[in-house]
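Colleague: Let's see this in three dimensions:
(chains A, B and C)
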Amino acid sequence: MTGISFDISHMLAGFLVLLSFLMLYQVRLPPLLNVLAAHAFALSLSVAWQAHTQDAPHLYITAAIALLFKAILVPWVLRRMVVRMGIHREIENVVGIGLTMLAAMALVALSLEFMLPLTAKADPVVREDIALALSVVLIGLLLMVTRRNAVSQVVGFMSLENGINLAATGARGMPLVVEISVAFSVLIAFIVIGVFLFRIRERFDSVDVGTLHMFRGGRQ
Amino acid sequence: MGHCSPRAGPTDWPGAEDMGHQPEMIEPTAWCIAALLALSALSVCLPRRHGAIYAAATLVCLALLWCGATSLAAPVSGLKLPLGLPVTGVTLSLDPLAAAFLIPIGLGGAGACLYAIGYGQHEAEPARVVPFVPLFIAAMTLAVLAADAFVFLFAWELMSLASWALVLARHREDGNIHAAFVYLVMAVFSGLTLLLAFGLLAGTEGGFTFGAIRAARPTGGTAALVFVLATIGAGAKAGLVPLHVWLPLAHPAAPSHVSALMSGVMTKVAVYGFIRIVFDLAGPPVWWEAAIVLALGGATAALGALHALMERDLKRLLAYSTIENIGIVFIGLGLAMAFQSNGFTPGAVLALTAALFHALNHTVFKSLLFFGAGAVLHGAGTRDIGRLGGLIHRMPWTHAAMLTGCAAISALPPLNGFVSEWMTFQAILLRPDLPQWGLKIMIPVDGALLALTAALAAACFVRMHGIAFLGRPRSEPAATAHETDAWSTAAMALFAALCLVLGLVPGIAVDGLAPVVSSLLGERLPPQLGDKWLSLIPISASRSSYNGLLVFLFLASSTMIVVALAHRFGSSATRRAPAWDCGFPDPRPETQYTAESFSQPIRRVFGALVFRTRETVDMPAPGEMRAGGIVRYSRDLAWDGIYTPIATYVGIVSTRLNTIQFLTIRRYLTFVFLSLVALLLALALWQ
Amino acid sequence: MNQPASLWALSIQFAQMLLVLGLAPLLTGLVRKTKARIQRRQGPPLLQPYRDLRRLLNKESVLAENASWLFQVAPYLIFSFTWVAAALVPTFATGLMFGWTGDLLAISGLLGAARFFQTLAGMDIGTSFGGIGSSRESMFATLAEPATIMIVFCVALIAGSTQLSTIADYMASGAAGLRVSLALALIALAIVTLAENARIPVDNPATHLELTMVHEAMVLEYSGRHLAMIDLASHLKLLLYISLIGCLFFPFGIARMGGGPVAYLMGLGLYLAKLAAGAVLLGAFEMCIAKMRVFRVPNFVGAAFMLGLLGVLLLFVSRGM
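Modeller: Numbers count the residues shown, from 1 in each chain, chains lettered A, B, ... in the order given. Got it, this is the predicted structure:
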């Protein structure tokens, strides 16, 4: 692999991490969804670049799926939902942004520290890609944990999935079947979560998952 | 520490290219698995054709038997199927060890299915039984053929689940649901420990095929941990004390032909798992591992026999006896490990051959005994031997078969059980100079325990046979019992004949097992067949020899001579009269010795120690109109000492942790997130 | 093996089989006579057991109404198991033609098989006496059989073989010397002999008092030729055990393979002397001791087991013991 393609794939992966940080920074939902779209777009670019460099045409399909579903369809549907539910002006997060960002920094450090020695023998592109992908996954989880709103949790989940995809395409030889099944499971999860969001909303007039808690049986 | 002998056979898997003219049996075996699965599916589609399904399964099992028998001495053959996980696929291989265990599966499976052609007709809800039987056999076959950890664990769990469904087939009977629950818990536990063992074996590289595992055998602490996990995992499935508690609950709960499969065959698959991991995958054993196996085996054998002696339920008795026999097999395995770890290969060869032979023998006679128990259950309607009696008159064929089985399992010459125990004794008597004190003490103690076990087993089966089949009927159903159908009788007769054949010409089995042993240990016993009148001479003729055929001929001829002489020179007149009974015959059947009273002396001798037995006289108060009696309390120390405390702690902990059930989704996610981060951190630091 | 030698071995084998069969009742007669003489009684003549057997053989056999085929077959089986076992013990000469058919463990197994059928036969009629006998016999056996195996272990570990001919040769050669474990094994074997042959203090062969009998309770329903077979089998068993003690622990004078006729004659004479000594000792011992309570017997026989185990442990720990 030549130096320039190496750098490009690195850059794209790093860009994904940066966008993940941006997500953490956003407190309102519509900009968060914009960042999600950008995140997915970056992913599809990265995957397409991998398809190009690895000479693996089936990865173009993955890139297309990412672009179509994750960058366009999902953010669009989510934005419509947010608007319909009238929560596009709400501000919510549990922990302060600064603290969250610091935690995210620590996570990136951890994933680099963890991944780089483990994959010492692997192809350098794969090494860096996987380390960065793990950061994306962890930051996605962090997003889910620190947000109270169900929609932002969905966003966290989607970005987490993007991280998994990044890792999968970076590692060579991942069969298409696995990718497609991952994509499908995410799609189904998305549909289920979407339907539930509306149900929750109809019933409790809020999508704050904290409200649900009051209706659980048993002890508090 | 002695050297370990170089291994032949499995190490060069799958590079055995030079198959040459030898037919590869792996493909027919795989087809057999497919056929069994198809039969299982077919039985759901054809709910009325059970006989045909069982008949077909019998034929497939016979094919399995043939595959196993022909590939004992054949080179290793492998097969890779594009199924299952994408990267690894399904790797199967048929090496001598796998072939040796295909034989009990094929034999036991064929017998059980043949028996079930007739016996299955009495089943109340056949749809709960028939589909799972071929599935169960297929899973066991797959477990034996597996050549990577994924396939092995998948087959292992499938085997557990299929048998669990069969245990639950009669879910309306008392206690069966509890039995199935305990079984499931133990099966999951066993699967979990094996999963961990294979995880350690595969190492960080993740080589899950057996070939890769063999190439990088674990050492030191990892090897020790693998051994402990494998012993727990395989031991729980085989019924090693103290992991045996599920076995006497689960095995009897299933229909009798399934009990035969579970006791006769599934425990052998567990033994296979143990041998595969400890002898083959995890490398040569270390002496303390051998000492542990010897201790477990001895305790299992003696306790199993004692429990069996106290039991009233016919099928539970047989289940306890299975535990006992597994103990004997593990004594043999422990001896082999002890000898191998000290580089004394001839001893290891003899001990391993004895263990494998006993496993095969146990399949034969335990299947036979469970068939008989099923016939009794069907014919007399009860499994409680305290309500039976006099069945010899009503069920002559079943009685004859059971008599053979009882004599064989009691290790009486000239039947097969004697030969394998004799070989185990011979292995103990080799007494090499072992440097470790643990083994110096453990081996003779195991010899004593084995001798005690043999005697207890003989007493147990005298009691079972005498109470159930001899004497006078103790209940109405026993008095009107009827003989079982022709298919069941045929299955029993075949297995009884096998007991005799394996006892008379043990050389067949010993020679057949020789390639297996040499594939694991690098040496083999001298060929037995073709030697001086088919004698069994494991080491040398001046040391020890046994000739079952000649013993049988002597017995038969001297019996015939003495009968002829007694009738020729004495009176041959016979008169029937009331029983003498010291002049006070009492016609009531209650005056006979019962199952409890028969075992009372032995209970008194051993029971105080092992079962904490207490007997109190339950005397009604004056004026109270009920019968007095003796009340007997006994407890299973394994339950009291291990399982009840564990259950209590699990209860306490789960009460404490109950609050975790009532958190918000976000908090759950936080838990997941934090544990993930903690694991990553730990790994990063550990590296 | 060349032709004359093998013929000779074959003839020794058959001579021995007939010899043990012929001598067995005489041995029992001698024990009875000894006991009677110690009690200052005249006692029955030495040949009385033969007369008893003949009388029983000539009587008709009375079977209980619900006796099964097993009940009728068992006496013959018990007899032939015991006889085959006795045929494998070298009495006056080693090098039996069929000595390699079975070793000491096989002999123990054959005796176990005889007991298996005996206890089953005891339960066949379904009387309380049969049950009591079978149950107690089983209890004794659970201790006596492992004790036997432990004794076998002791001698086999010393001689390096379980083959009786080899052991007897080894012991007769004096290579074994005096050993602690052998002494333990001898005491254990003496106890087992008492227990297995239903002698005092374990059981009383002379009584039909219901609460004291074990062996007699099992055979209570037998009569005629069936009883004769069982009696003959128990005579044989006593002879077997005394021969076994002689062959394992006092093998001097036993004729080796290839010895001349003088050696064989001497072996035979010494064998008869050993048997007589054994019978007299047994009779005298029985007169000196009272019968035990049934539940003290396990301690007694258990002691044999423990002694045997101790001997084996000593042997595993040190080769010189």
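
Colleague: C-alpha from now on. contacts and neighbour counts both.
Modeller: Fine.

Colleague: so does stretch B:435-444 get close to chain C?
Modeller: Yes - using Cα under 8 Å from any Cα of the partner chain, stretch B:435-444 comes into contact with chain C via B:440-441, B:444.

Colleague: which of the residues in that stretch are buried?
Modeller: B:439-444 (16 or more other Cα atoms under 10 Å in any protein chain shown).

Colleague: for stretch C:15-25, same thing?
Modeller: C:16-17, C:20-21, C:23-25.

Colleague: so which of those comes closest to chain B?
Modeller: residue C:17 (10.7 Å; Cα to the nearest Cα).

Colleague: Please export the C-alpha coordinates of the strand or helix carrying residue B:63 as PDB.
Modeller: Residue B:63 is located in helix B:50-70, with elements delineated by DSSP states H and E. Extracted in PDB, the C-alpha atoms of helix B:50-70 (Å, rounded to 0.1, in the frame of the first residue of the first chain):
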ATOM      1  CA  HIS B  50     -42.700 -45.000  15.000                       C
ATOM      2  CA  GLY B  51     -41.900 -48.600  14.400                       C
ATOM      3  CA  ALA B  52     -40.500 -47.800  11.000                       C
ATOM      4  CA  ILE B  53     -38.500 -44.800  12.300                       C
ATOM      5  CA  TYR B  54     -37.000 -47.000  15.000                       C
ATOM      6  CA  ALA B  55     -36.300 -49.800  12.600                       C
ATOM      7  CA  ALA B  56     -34.500 -47.300  10.300                       C
ATOM      8  CA  ALA B  57     -32.600 -45.800  13.200                       C
ATOM      9  CA  THR B  58     -31.500 -49.300  14.100                       C
ATOM     10  CA  LEU B  59     -30.000 -49.900  10.700                       C
ATOM     11  CA  VAL B  60     -28.300 -46.500  10.700                       C
ATOM     12  CA  CYS B  61     -26.800 -47.300  14.100                       C
ATOM     13  CA  LEU B  62     -25.600 -50.700  12.800                       C
ATOM     14  CA  ALA B  63     -23.900 -48.800  10.000                       C
ATOM     15  CA  LEU B  64     -22.300 -46.500  12.600                       C
ATOM     16  CA  LEU B  65     -21.100 -49.600  14.400                       C
ATOM     17  CA  TRP B  66     -19.600 -51.000  11.200                       C
ATOM     18  CA  CYS B  67     -17.900 -47.600  10.500                       C
ATOM     19  CA  GLY B  68     -16.400 -47.600  13.900                       C
ATOM     20  CA  ALA B  69     -15.300 -51.200  13.800                       C
ATOM     21  CA  THR B  70     -13.700 -50.900  10.400                       C
END
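
Colleague: So which elements touch it?
Modeller: Contacts defined by 3 or more Cα pairs under 8 Å, 6 or more residues apart in numbering or on different chains; DSSP states H and E place helix B:50-70 against helix B:26-45, helix B:96-119.

Colleague: got the angle for it vs helix B:26-45?
Modeller: 170 degrees (axes from the mean of the first three to the mean of the last three Cα atoms, to 10 degrees).

Colleague: average pLDDT for helix B:50-70?
Modeller: Per-residue pLDDT over helix B:50-70 has a mean of 93.

Colleague: Which SSE is immediately downstream of it?
Modeller: Where DSSP H and E defines the elements, the next helix or strand beyond helix B:50-70 is strand B:77-81.

Colleague: Starting from that following strand, tell me the next helix or strand along the chain.
Modeller: Counting by DSSP H and E, what follows strand B:77-81 is strand B:90-94.

Colleague: Dump that following strand to PDB, keeping only the CA atoms.
Modeller: The C-alpha coordinates for strand B:90-94 follow below in PDB (Å, rounded to 0.1, in the frame of the first residue of the first chain):
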ATOM      1  CA  VAL B  90     -17.200 -27.900  10.500                       C
ATOM      2  CA  THR B  91     -14.100 -30.100  10.900                       C
ATOM      3  CA  LEU B  92     -14.700 -33.800  11.500                       C
ATOM      4  CA  SER B  93     -12.100 -36.500  11.900                       C
ATOM      5  CA  LEU B  94     -12.200 -40.200  12.500                       C
END
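
Colleague: what about it, average pLDDT?
Modeller: In the prediction, strand B:90-94 has an average pLDDT of 90.

Colleague: Hmm, residue B:581 is touching residue C:132, no?
Modeller: No - using Cα atoms under 8 Å, residue B:581 is not in contact with residue C:132; the gap is 11.6 Å.

Colleague: Look up phi and psi at residue B:636.
Modeller: Dihedral angles of residue B:636 (phi, psi; degrees, to the nearest 10) stand at phi -100, psi 120.

Colleague: Look at it and report its pLDDT.
Modeller: For residue B:636, pLDDT reads 77.

Colleague: For it, grab the count of nearby residues.
Modeller: Residue B:636 is flanked by 13 other residues according to other Cα atoms under 10 Å in any protein chain shown.

Colleague: which residues in chain A form helices?
Modeller: A:3-25, A:29-54, A:58-65, A:74-85, A:97-118, A:124-146, A:150-170, A:176-204, A:209-213 (DSSP state H).

Colleague: residues of the second one that come out buried?
Modeller: Within helix A:29-54, the residues that qualify as buried are A:29-51, counting by 16+ other Cα under 10 Å.

Colleague: Buried residues of the helix holding residue B:63, list them for me.
Modeller: For helix B:50-70, using 16+ other Cα under 10 Å, the buried residues are B:50-51, B:53-70.

Colleague: Show me what it is in contact with.
Modeller: B:25-26, B:28-29, B:32, B:35-36, B:39, B:42-43, B:98-107, B:109-114, B:116-118, B:120-121, B:126, B:130, B:134, B:512 (Cα atoms under 8 Å, 6 or more residues apart in numbering or on different chains).

Colleague: Now find how far off-centre it is within its chain.
Modeller: 21 Å (Cα atoms, centre = their mean, to the nearest Å).

Colleague: now swap in stretch B:548-561 and tell me
Modeller: Using Cα atoms, centre = their mean, the offset of stretch B:548-561 from its chain centre is 31 Å.

Colleague: residue ranges with poor pLDDT in the stretch 101-250 of chain C?
Modeller: Scanning the stretch 101-250 of chain C for pLDDT under 70 picks out C:207-212.

Colleague: closest point of it to chain B, which residue?
Modeller: residue C:126 (3.7 Å).

Colleague: and the helices and strands packed on helix B:50-70, which is most packed in?
Modeller: Comparing the helices and strands packed on helix B:50-70 by mean neighbour count (mean count of other Cα atoms under 10 Å in any protein chain shown), helix B:96-119 ranks first with a mean of 28.

Colleague: Give me the contact list for whichever helix or strand comes after that helix.
Modeller: Per DSSP H and E, the first helix or strand lying C-terminal to helix B:96-119 is helix B:132-145. With Cα under 8 Å, 6+ apart as the test, helix B:132-145 has contacts from B:32-34, B:36-37, B:39-40, B:57, B:92-94, B:98, B:101-102, B:105, B:109, B:151-156, B:158-159, B:162-163, B:165-166, B:258, B:266, B:269, B:272-273.
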